[in-house]
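>>> Quick one: sequence plus predicted model below, questions after.
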Amino acid sequence: MNDRITTPYEGRPAVWDDDAVIDAPLRLHHTTAPPEWMDYNDHMSESCFLLAFGDNADAFFRFLGIDEAYRAAGHSLYTSETHLHHRLEVALGEPLVMTLQVLDHDDRRLHLFHEMRHGESDVLIASAEQLLVHVDTEAGRSADLPEQLRTRLDAIAAAHAALPRPDVVGRPMGIRRRHGQDGQDG
Amino acid sequence: MAMAEPAVEAEDGAPFTAYREPVRREWLDYNGHLNDASYALVFSAAHELVLEHLGLSAAYRESHQASMFTVETHIRFLAECSDGQTLTASTILVDADDKRLRLYSELYADGVLAATGESLYVHVDTTAGRSAVLPDDRRTRVEAMREAHAEQPRPPHLGLGVGSRP
């Protein structure tokens, strides 16, 4: 066990290529469900889904230009909200492929949507909708993104503009009572 | 985690506040703060205590081949948490029907509100692999807690989608 949580991308410098084609959605991270993510039942523990989405977010940060050097200079992206939808369980060793879609952004906020799919069947396993805010870490408050990152986000958002908006985005949580409904939310 | 079935007449304290844990080093990330996934871990553990209180935790899974599955979780991150702090949670059973539960928790670090977490659970027959109605005795416990929590104030952000403000 590590003495803290790490991501597979830590220490890897950000690399942005102005001329590269931007995937829609982005496909920056895939993994295989490891033993340490399993519960006693050999299914992936609930919180480990967020570890996987966190690794996907870190891959995206480095794609965008946010790495250790960027953070050391005093700014970072913090998560302000995450909404997870669980559809299927994950068993030990299953291949997981992650996608990431930029839904919206402004001067300092980012609205992202992640999907986790099975690496062979491509079936949707889980999704995460996230709101992130760019912060001045020393001042401890939100701060505008630098021009360069804004330009890159504009380019990613333009590439993602034609993607359909996932139906769960912005949807409030609740027990929806429909007559005769059997309660299958997932 | 304790596996014992709770007494049926257990007190339905409102809100439910059994969770209390110090921040663990292995929950922290590169900057020494609680990682996003660790908030999820803590909410999951706090909610597991509620499920245990309702007789719907590990022992139930074994005896009934049925279990509560998490369908959705919505976390709002409000403050950083670090090593040395003690985490506590305050949970209300917001809503329930014959197979679903909705829990809402406020997570405190040394008494300061650090995050809110809302989860929707569905009761699943693990043999059939599909949702199923709760047995009557568990339904009675759920109803008792729902009634005990009915007078608890509902925060304005409850049930809102990501990015929505009350």
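Right, received. Where do you want to start?

>>> Torsion angles phi and psi at residue 140?
No chain was given, so I picked chain A. phi 70, psi 30 (degrees, to the nearest 10).

>>> Please refer instead to chain B.
According to degrees, to the nearest 10, B:Thr140 has phi -60, psi -40.

>>> Convert the C-alpha atoms of stretch B:156-164 to PDB, please.
Written as PDB, here are the backbone C-alpha positions of stretch B:156-164 (Å, rounded to 0.1, in the frame of the first residue of the first chain):
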ATOM      1  CA  PRO B 156     -31.700  24.000  -0.300                       C
ATOM      2  CA  HIS B 157     -29.000  22.200  -2.500                       C
ATOM      3  CA  LEU B 158     -30.500  18.800  -1.900                       C
ATOM      4  CA  GLY B 159     -31.300  16.900  -5.100                       C
ATOM      5  CA  LEU B 160     -29.900  19.600  -7.400                       C
ATOM      6  CA  GLY B 161     -27.900  18.700 -10.400                       C
ATOM      7  CA  VAL B 162     -24.200  19.600 -10.800                       C
ATOM      8  CA  GLY B 163     -23.700  23.300 -11.200                       C
ATOM      9  CA  SER B 164     -27.200  24.200 -10.000                       C
END
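
>>> name the helices or strands packed onto the lengthiest helix in chain A?
Scanning chain A for the longest helix, with DSSP state H as the assignment, gives helix A:46-64. Judged by 3 or more CB pairs under 8 Å, 6 or more residues apart in numbering or on different chains; DSSP states H and E, helix A:46-64 is in contact with strand A:26-32, strand A:75-86, strand A:95-105, strand A:109-118, strand A:124-136, helix A:147-160, helix B:36-53. For the C-beta atoms, the positions are set from N, CA and C on the backbone; glycine is no exception.

>>> can you put those in a markdown table and add mean neighbour count and distance to B:His157?
Output for those, formatted as a markdown table (neighbours: other CB atoms under 10 Å in any protein chain shown; distance: least, CB to CB, whole Å):
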| stretch | mean neighbour count | distance to B:His157 |
| --- | --- | --- |
| strand A:26-32 | 18 | 30 |
| strand A:75-86 | 22 | 10 |
| strand A:95-105 | 21 | 19 |
| strand A:109-118 | 21 | 17 |
| strand A:124-136 | 21 | 13 |
| helix A:147-160 | 16 | 27 |
| helix B:36-53 | 22 | 15 |
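
>>> Which residues does stretch A:158-167 contact?
A:22-25, A:101-103, A:113, A:115, A:127, A:129 (CB atoms under 8 Å, 6 or more residues apart in numbering or on different chains).

>>> B:Val139 belongs to a strand?
Small correction: residue B:139 is Arg, not Val. No. In this structure, B:Arg139 is helix, not part of a strand, as judged by DSSP: H, G, I helix; E, B strand; the rest coil.

>>> from what I can see it touches B:Asp97, true?
No. Between B:Arg139 and B:Asp97 there is no contact under CB atoms under 8 Å: 9.5 Å.

>>> circling back to that earlier point, what's the angle between the longest helix of chain A and strand A:124-136?
Going by axes from the mean of the first three to the mean of the last three CA atoms, to 10 degrees, helix A:46-64 is angled at 60 degrees with respect to strand A:124-136.

>>> and the closest residue to B:Thr86 other than its chain neighbours, how many neighbours?
Counting by CB to CB, 6 or more residues apart in numbering or on different chains, B:Thr86 lies nearest to B:Pro22, which is 5.3 Å off, once chain neighbours are set aside. By other CB atoms under 10 Å in any protein chain shown, the residues close to B:Pro22 number 11.

>>> Now do the SS call for the closest residue to B:Glu151 other than its chain neighbours.
Leaving aside its sequence neighbours, B:Glu151 sits nearest to B:Ala14 (CB to CB, 6+ apart; 7.3 Å). Under three-state DSSP, B:Ala14 falls in the coil class.

>>> Next one: B:Ala14 relative to B:Ala148, how far apart?
5 Å (CB to CB, to the nearest Å).

>>> that older thread, any chance of TSV for the helices and strands packed on helix A:46-64, columns distance to B:Gln65 and mean pLDDT?
Formatted as TSV, the helices and strands packed on helix A:46-64 follow (distance: least, CB to CB, whole Å; pLDDT from 0 to 100):
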stretch	distance to B:Gln65	mean pLDDT
strand A:26-32	29	97
strand A:75-86	20	97
strand A:95-105	27	98
strand A:109-118	25	98
strand A:124-136	23	98
helix A:147-160	43	97
helix B:36-53	16	97
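
>>> Quick one: closest of those to B:Tyr60.
In terms of CB to CB, the element of those nearest to B:Tyr60 is helix B:36-53, at 8.2 Å.

>>> hmm, that closest one in reach of chain A?
Yes. Helix B:36-53 comes into contact with chain A (CB under 8 Å from any CB of the partner chain), by way of B:36-38, B:40-41, B:44.

>>> Next, the angle from that helix to strand A:124-136.
130 degrees.

>>> in terms of contact, does A:Val133 touch A:Arg141 like I think?
No. Applying CB under 8 Å, one finds A:Val133 not in contact with A:Arg141, separated by 9.5 Å.

>>> And stretch B:156-166, end to end?
Start and end residues of stretch B:156-166 are separated by 6 Å (CA to CA, to the nearest Å).

>>> list the buried ones in it?
B:158-160, B:162-163 (16 or more other CB atoms under 10 Å in any protein chain shown).

>>> same question, stretch B:20-35
For stretch B:20-35, by 16+ other CB under 10 Å, it's B:23, B:27-30, B:33-35.

>>> Mark which of those are part of strands, please.
Among these, no residue falls in strands (DSSP state E).
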